[in-house]
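A.B. asks: Here's my sequence, what's the structure:
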Amino acid sequence: MAEDLSAATSYTEDDFYCPVCQEVLKTPVRTTACQHVSSGHPTFKCPLCQESNFTRQRLLDHCNSNHLFQIVPVTCPICVSLPWGDPSQITRNFVSHLNQRHQFDYGEFVNLQLDEETQYQTAVEESFQVNI
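C.D. replies: Model prediction:
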């Protein structure tokens with residue numbers, strides 16, 4: 001039955017990318033090396049109520065619906081999941097932070113599998129190839 005499901009569904013490498021350890025997981029299971037779990041897309045826990053398994057957009061919707069006026073200093077789970085994320089960084093107003101910083105998925109604009117220097121180099125090279 002698992003073979004039928006894999007044949008019917010097409011996945012890309014990005015579907016199993018772990019934003020924490022930056023490895024591509026071959027199956028959506030807990031890995032031995034990094035102990036992270038991937039189910040296709042990263043999920044997040046709301047730091048204001050501890051409810052979990054939110055996608056970025058669902059976390060944004062949840063917080064706007066349930067915590068709009070709750071101003072408590074917390075760590076942003078989305079920021080921490082990014083390669084440059086700092087787990088010690090605290091945001092004073094989490095819902096405002098979500099609405100200002102996380103209206104889009106970084107993966108749409110940045111290749112999270114490349115290091116920062118390689119991304120700068122790529123951007124510079126692409127800027128020279130502008131069609132005029």
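A.B. asks: use CA for all of it now, contacts and neighbours both
C.D. replies: OK.
A.B. asks: Pull up the distance across stretch 76-89, start to finish.
C.D. replies: 8 Å (CA to CA, to the nearest Å).
A.B. asks: my bad, should have said stretch 84-93
C.D. replies: Span of stretch 84-93 from end to end, CA to CA: 20 Å.
A.B. asks: for that stretch, which positions count as buried?
C.D. replies: 91, 93 (16 or more other CA atoms under 10 Å).
A.B. asks: Please apply the same query to stretch 42-60.
C.D. replies: By 16+ other CA under 10 Å, the buried positions in stretch 42-60 come out as 42-48, 54, 56, 59-60.
A.B. asks: List of residues touching it?
C.D. replies: Residues outside stretch 42-60 that contact it (CA atoms under 8 Å, 6 or more residues apart in numbering): 18-19, 41, 63, 67, 72, 74-78, 95, 98-99, 102-103, 105.
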